[in-house]
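>>> Provided below for reference: sequence and predicted model.
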Amino acid sequence: CARAPFYVWSYCIFNLLYNILIVVILKYGSANIMYLGSTALVPLTNAAFAMPWLPGHKPVKPTDLYGLIVIMLGITIYRFYEDLKTLVLRKLGIEDPDTPTAAEAERERTRKQVLQRAALYVGLNQAEALGPLMDERVKKAARKKMVPRSPAQIRGSYMYRLGLAPSPTVTGSPGTFRRSPPPLGPGRSPGRSPGSVRPNATSINV
C-alpha cells in the first residue's frame, strides 16, 4: 500500500504515452499498423507482467512464448511477403506476373500527375458540383439584406391569412404594405376633405 501512488502514476503515464503512440501511428502510418501492433501487444503484456517488481506478477509460460512467435511470424509474413516474393523472383530470374511493366508503371504515374493537376482547377465540367455551394451563398446574402418587418406588417399578414380585410389605411399585399389615401365614396371627388369620407364598413382596423 505504501507504493500504491507510484503504481497508479506509473499506469497513468504509461496509458497516456500509449494513447499518444496510437494517435501518432494513425497519423503517420495506417490502421493496419495499429492493429498489427495491438495484436503483438497481447503476448508482450504477458511478458511484462512476469517482471517481479509488478504487483500480481506471474511467471512466463511456454505457451506465451509460442503465441508470441506465431503472432510475430504472421505479422512479418503479412508485412514483408510481397517484398520478399519480389526479391526471390528477381534473384531466380523469374518475372513476376503481378509486377506491372515499365509501360504500365509510366501510364499510372502520368495518370496520377494529371489527376493532381486537375484537382487544382475548376472547369465547366466541375461547375455543376459548385451549384449547392453557390445557392447557399446566395441565400445567406439574401437573408442579410432582408429588412425586418414592422409590427403593422406582421399584424396585417396575420389578418390576411385569416381572410379578413386589411386596415383601410394600409394597402398592398402582405409584406409590402404602404400608406394610401382614404378610399373615396360614390360621388366623392379627390378634392373633398378626408374627414368627410367614411371608411368601408367591412374593413377592420388592425
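Perfect, I can see it now.
>>> can you list the domains in the chain?
Using automatic domain parsing, the domain ranges for the chain come out as 4-99, 113-146, 148-179+202-206.
>>> could you dump these to CSV with mean neighbour count and distance to Arg107?
For the C-beta atoms, the positions are set from N, CA and C on the backbone; glycine is no exception. Formatted as CSV, these follow (neighbours: other CB atoms under 10 Å; distance: least, CB to CB, whole Å):
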stretch, mean neighbour count, distance to Arg107
domain 4-99, 12, 15
domain 113-146, 9, 11
domain 148-179+202-206, 13, 61
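>>> could those domains go into JSON lines alongside mean pLDDT and distance to Glu106?
Shown next, in JSON lines, are those (pLDDT from 0 to 100; distance: least, CB to CB, whole Å):
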{"stretch": "domain 4-99", "mean pLDDT": "76", "distance to Glu106": "14"}
{"stretch": "domain 113-146", "mean pLDDT": "70", "distance to Glu106": "11"}
{"stretch": "domain 148-179+202-206", "mean pLDDT": "64", "distance to Glu106": "64"}
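>>> I'd like these as JSON lines, with distance to Ala105 appended.
Output for the domains of the chain, formatted as JSON lines (distance: least, CB to CB, whole Å):
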{"stretch": "domain 4-99", "distance to Ala105": "9"}
{"stretch": "domain 113-146", "distance to Ala105": "13"}
{"stretch": "domain 148-179+202-206", "distance to Ala105": "64"}
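>>> residues touching Lys144, list them.
Residues counted as contacts of Lys144 (CB atoms under 8 Å, 6 or more residues apart in numbering): none.
>>> Name the SS class of it, please.
At Lys144 the chain is in helix, as set by DSSP: H, G, I helix; E, B strand; the rest coil.
>>> what does the one 5 residues further on give?
In the three-state summary, Arg149 is assigned as coil, counting by three-state DSSP.
>>> Please apply the same query to Lys27.
Lys27 is classified as helix under three-state DSSP.
>>> show me where this structure has helices.
4-28, 31-48, 62-92, 102-118, 131-145, 151-161 (DSSP state H).
>>> okay, the angle between the third one and helix 31-48?
Regarding helix 62-92 and helix 31-48, their directions subtend 140 degrees when assessed with axes from the mean of the first three to the mean of the last three CA atoms, to 10 degrees.
>>> Helix 62-92 packs against which elements?
With contacts defined as 3 or more CB pairs under 8 Å, 6 or more residues apart in numbering; DSSP states H and E, the packing partners of helix 62-92 are helix 31-48.
>>> same question, the second one
Where contact means 3+ CB pairs under 8 Å, 6+ apart, helix 31-48 is packed against helix 4-28, helix 62-92.
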